[in-house]
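Trainee: predicted model and sequence follow; I will ask about them next.
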Amino acid sequence: MAESTADSYLVLDHPGRAEIKVKGSRFIGEALPVTTVQEAEAALQAIRKREYDATHHCSAWQIDADGQQFRYSDDGEPSNSAGMPIFRQIEGRKLSGAIVIVTRYYGGTKLGTGGLIRAYGEAASLALDDASIREIIPRIRLTMRFAYEDTSPAMHLIGQYDTVIASTRYSEQTEIDVDVRVADVDAFSSAFVEALSGRGAIDLAD
């Protein structure tokens with residue numbers, strides 16, 4: 001699995017599901033991609049409705065990459081025995097855009113706080129293992145404008161950075177729209193000016 005860097009983050013791309021049994025209790029973990037709190041709440045309500053006769057629906061979510069929108073719930077289990085271990089699995093993978101719901105069908109034997117922490121954490125972990133994760137790299141589109149004779153240094157510069165060429169136009173001068181990592185925008189722009197000795201222009205794409 002790719003690890004997030006300063007200018008990228010990881011999101012849940014496709015759902016995952018796993019089930020374990022511990023002393024007669026069934027723990028069904030489901031990991032789902034979400035982009036808003038409203039989507040997370042709707043996903044939780046849908047599983048509550050589907051698994052209407054379950055004992056608990058414990059959950060945790062992390063919406064945004066900066067960690068400002070998150071929540072975890074024990075749903076009637078002892079404090080911090082369910083929601084927090086689920087959340088730790090999301091947090092440990094540095095994930096955003098994810099909700100994990102672990103549904104419990106009580107099997108008649110109490111597990112104790114330690115047993116619950118292990119069971120909920122394992123069900124969440126296995127559900128996330130079954131899901132797929134994608135790296136998101138925020139980029140900004142810049143337009144490079146330069147004369148034909150400056151093509152070589154301009155293309156060499158593009159090759160030196162993690163960029164994606166979006167489009168190229170030819171007229172009296174060459175124009176290239178290039179998507180640059182947010183963290184590289186200032187350095188890339190300065191390098192363009194230096195590489196072409198001040199010729200040409202670079203600015204935000206229209």
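Mentor: Received the coordinates, thanks. Numbering: from 1, shown residues only.
Trainee: which parts of the protein are strands?
Mentor: Secondary structure of the chain by DSSP state E: the strands cover 9-14, 16-22, 25-33, 56-62, 70-73, 95-96, 98-105, 132-136, 139-146, 163-170, 174-181, 201-204.
Trainee: would TSV of those strands with mean neighbour count, distance to A124 and mean pLDDT be doable?
Mentor: Yep, even glycine has a C-beta here, placed from its N, CA and C like the rest. Shown next, in TSV, are these (neighbours: other C-beta atoms under 10 Å; distance: least, C-beta to C-beta, whole Å; pLDDT from 0 to 100):
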stretch	mean neighbour count	distance to A124	mean pLDDT
strand 9-14	18	12	90
strand 16-22	17	9	97
strand 25-33	23	5	97
strand 56-62	26	8	97
strand 70-73	18	10	95
strand 95-96	24	11	92
strand 98-105	26	5	97
strand 132-136	15	14	91
strand 139-146	18	32	95
strand 163-170	12	34	94
strand 174-181	19	32	95
strand 201-204	14	42	92
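Trainee: what about the closest residue to G24 other than its chain neighbours, distance to M155?
Mentor: Spatial nearest neighbour of G24, excluding adjacent residues (C-beta to C-beta, 6 or more residues apart in numbering): G107 at 2.5 Å. Distance of G107 to M155, computed by C-beta to C-beta, to the nearest Å: 65 Å.
Trainee: got it, and G200?
Mentor: 13 Å.
Trainee: okay, those two: which has more neighbours?
Mentor: G200 (19 against 15; other C-beta atoms under 10 Å).
Trainee: would you confirm that that one contacts R145?
Mentor: Yes. Between G200 and R145 there is a contact under C-beta atoms under 8 Å: 5.5 Å.
Trainee: what touches both of the two?
Mentor: Both G200 and R145 are in contact with Q173, where contact means C-beta atoms under 8 Å, 6 or more residues apart in numbering.
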